[in-house]
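Colleague: with the sequence up front, the predicted model follows.
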Amino acid sequence: MNSLVASALPGRVRLRGPVLRQARALAQARSALQAQPGVIRVQTNARVGSLLLHYDAATLPQPQAEALLAAAVQAALQPAANDDAGAAARPSSPAPRQPRQNRRAAASATRAAHLSVPAAPPAPHPHHAPARNVINRWAKRGMLLTLGASLALAATGAKRGHAALGGVFVLLLGVHLAVHRHRLLK
């Protein structure tokens, strides 16, 4: 299974290999993984043989996530291998030929069924920063500006201006700390 791991980071593991090109097995592995606690999203692509697991690194350690992933993929591949062996042993009658338009619609529906079904809302577009990142960016810029102006006013002896800008700095610091409260209170 380690030979299938293309990349592994805390919160994200990607498997890639030719054995993952079986659409039915990938769908079974995806549904099995999505039912597990700590799994955020599972994306599969049977065309290239890829499975991407996004998980919560705080609730699911990386070795445990990789073991869970390995078990789900192996369980999904076992029945697929048995089904393939049984299908090769018995002769199958050819399916009735469908009109061209129905074949295209069926192929389109099959491709849509094999696309990733996220367990959580999709991640935002990389060029659209979440609102809290934008707020934090402006808070940091404001802190820098008010700190410089406050120090300049303190150097000139303008105590009221220095105190007022110091208060604004503290408010902006509060915004910055509120945005990062989860990281600070671990």
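Modeller: Looks like it arrived, so ask away.
Colleague: just the helices in the chain please.
Modeller: Under the criterion DSSP state H, helices of the chain are mapped to 23-34, 62-89, 100-114, 131-156, 159-179, 181-184.
Colleague: now those in TSV, please, with extra columns for mean pLDDT and mean neighbour count.
Modeller: For glycine as for every other residue, the C-beta is placed from the backbone atoms N, C-alpha and C. Supplementary listing: the helices of the chain in TSV, determined by pLDDT from 0 to 100; neighbours: other C-beta atoms under 10 Å:
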stretch	mean pLDDT	mean neighbour count
helix 23-34	87	20
helix 62-89	70	15
helix 100-114	51	11
helix 131-156	92	14
helix 159-179	93	15
helix 181-184	81	8
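Colleague: take these and write them to CSV, including distance to Ser50.
Modeller: What follows is the helices of the chain, written out as CSV (distance: least, C-beta to C-beta, whole Å):
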stretch, distance to Ser50
helix 23-34, 9
helix 62-89, 12
helix 100-114, 12
helix 131-156, 29
helix 159-179, 34
helix 181-184, 31
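Colleague: nearest to Gln43, out of those?
Modeller: Within these, the stretch nearest Gln43 is helix 23-34; the backing value is 8.2 Å (C-beta to C-beta).
Colleague: chain center to the closest one, what's the gap?
Modeller: 17 Å (C-alpha atoms, centre = their mean, to the nearest Å).
Colleague: which strand residues bridge the residue most central in space within the chain?
Modeller: If you average the C-alpha coordinates of the chain and look for the closest C-alpha using C-alpha atoms, centre = their mean, you land on His54, 4.3 Å from that point. Residues found in beta-bridge contact with His54 (criterion: DSSP bridges) are Arg12, Arg41.
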